[in-house]
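# Show me the folded form of this:
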Amino acid sequence: MIEGIKAVGFDLDGTFMKTHVDYARLSVADKVVLESRGIPFDEVYAVDYIKRPRYPIREWLEAHGRGDEFQSVSDEIDRAFAEIEVEFVSEAVPFPGSLECLDKLKSKGLKTGILTRGCLDYARRVLGPTGALERLDAVMGRDHSSYDNAKPSPMAIQEFAEMLGVRPEEMLYVGDNVTDYMSAHGAGAQFAGVLTGSGSVNLWSRTDPSIIILDRAGDCVDLL
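Take a look at the predicted model:
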């Protein structure tokens, strides 16, 4: 049992919901936009990132006297991401136990929410048909604040906790990706990794042997 928890947050894709997103297209959407604007992607991102931040684009533009273009470039990338994300929303279904656990957690007096790297519109369109929106206390997408505050930044969990009215250390966050762990761990929240989506015993044991492993997101009820 984990003590002192007042809220449970879930990642969306691969954790709370089984979704279909064209990640191959999504992974190069920013590159397509940059190159269409005459911005050399390989020069901007000369080093590798787990998730590419936006500040290198701003720095490159400023260094080349084009700083006033940053917002429009960033907005165009956001639109490209969103277009890809919503393409297959009709195929999304909750993993077994996801919806049921919301009611169980609520009965324990706990708040619940979804924190995703997807945009808020995508999250709402995925969750809407399931009835989950009416049962969740908060849903937060990457567009809640600065793009660079999204997971894996600890700021994502900090802002999410504020939205739920709790401190990060009073939250259990459940996810299927190392970026979920990085954000939660960096903010001081508790974390549990699932075996759905991209999660695996091997991933979690390599990332941090102390990570709590769950078969599915809904199993988090047994921890509280």
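# other SSEs contacting the helix or strand hosting Ile84?
Following DSSP states H and E, one finds Ile84 within helix 70-85. Judged by 3 or more CB pairs under 8 Å, 6 or more residues apart in numbering; DSSP states H and E, helix 70-85 is in contact with helix 23-26, helix 29-36, helix 55-63, helix 120-127. The C-beta positions use only the backbone N, C-alpha and C, and glycine is treated the same way.
# So which bits of that helix are buried?
70, 73-74, 76-78, 80-82, 84-85 (16 or more other CB atoms under 10 Å).
# Could I get the average pLDDT for that helix?
When pLDDT is averaged along helix 70-85, the result is 98.
# ok, the helix or strand just after that helix: who's next to it in the sheet?
Once the chain leaves helix 70-85, the next helix or strand it forms, by DSSP H and E, is strand 93-94. Sheet pairing for strand 93-94, assigned by DSSP bridges, gives strand 17-18 (antiparallel).
# Identify the residues contacting the nearest residue to Gly186 once chain neighbours are set aside.
Distance criterion CB to CB, 6 or more residues apart in numbering; nearest residue to Gly186, sequence neighbours excluded, is Pro154 at 3.3 Å. Neighbouring residues of Pro154 by CB atoms under 8 Å, 6 or more residues apart in numbering: 168, 182-183, 185-187.
# any idea which residue of the chain is furthest from its center?
Most distant from the centre of the chain: Gly65, at 33.3 Å, with distances by CA atoms, centre = their mean.
# element containing it?
Counting by DSSP H and E, Gly65 is found in no helix or strand.
# Backbone dihedrals for it, please?
Note on Gly65: backbone dihedrals following degrees, to the nearest 10 are phi 70, psi 30.
# Look up how far Tyr173 lies from the residue nearest to Gly186.
11 Å (CB to CB, to the nearest Å).
# Give the residues shared as contacts by these two.
Ser183.
# For this protein, give me the ranges with low pLDDT.
Counting by pLDDT under 70, the chain shows no low-confidence range.
# so how far is Arg124 from Glu134?
For Glu134, the distance to Arg124 - CB to CB - is 12 Å.
# chain center to stretch 89-96: distance?
16 Å (CA atoms, centre = their mean, to the nearest Å).
# ok so, going back, got CSV for the helices and strands packed on helix 70-85, with distance to Phe16 and mean neighbour count too?
Listed next are the helices and strands packed on helix 70-85 as CSV, based on distance: least, CB to CB, whole Å; neighbours: other CB atoms under 10 Å:
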stretch, distance to Phe16, mean neighbour count
helix 23-26, 17, 12
helix 29-36, 24, 17
helix 55-63, 30, 16
helix 120-127, 8, 21
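# Can I get those helices in a markdown table including distance to Phe160?
As requested, the helices and strands packed on helix 70-85 are exported to a markdown table (distance: least, CB to CB, whole Å):
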| stretch | distance to Phe160 |
| --- | --- |
| helix 23-26 | 22 |
| helix 29-36 | 24 |
| helix 55-63 | 21 |
| helix 120-127 | 12 |
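# So which of those helices is nearest Leu195?
Leu195 lies closest, by CB to CB, to one member of the helices and strands packed on helix 70-85: helix 23-26, at 19.1 Å.
# Break the protein down into its domains, please.
According to automatic domain parsing, the chain comprises the domains 7-19+92-223, 23-87.
# which of the ones you listed sits most buried?
domain 7-19+92-223 (a mean of 20; mean count of other CB atoms under 10 Å).
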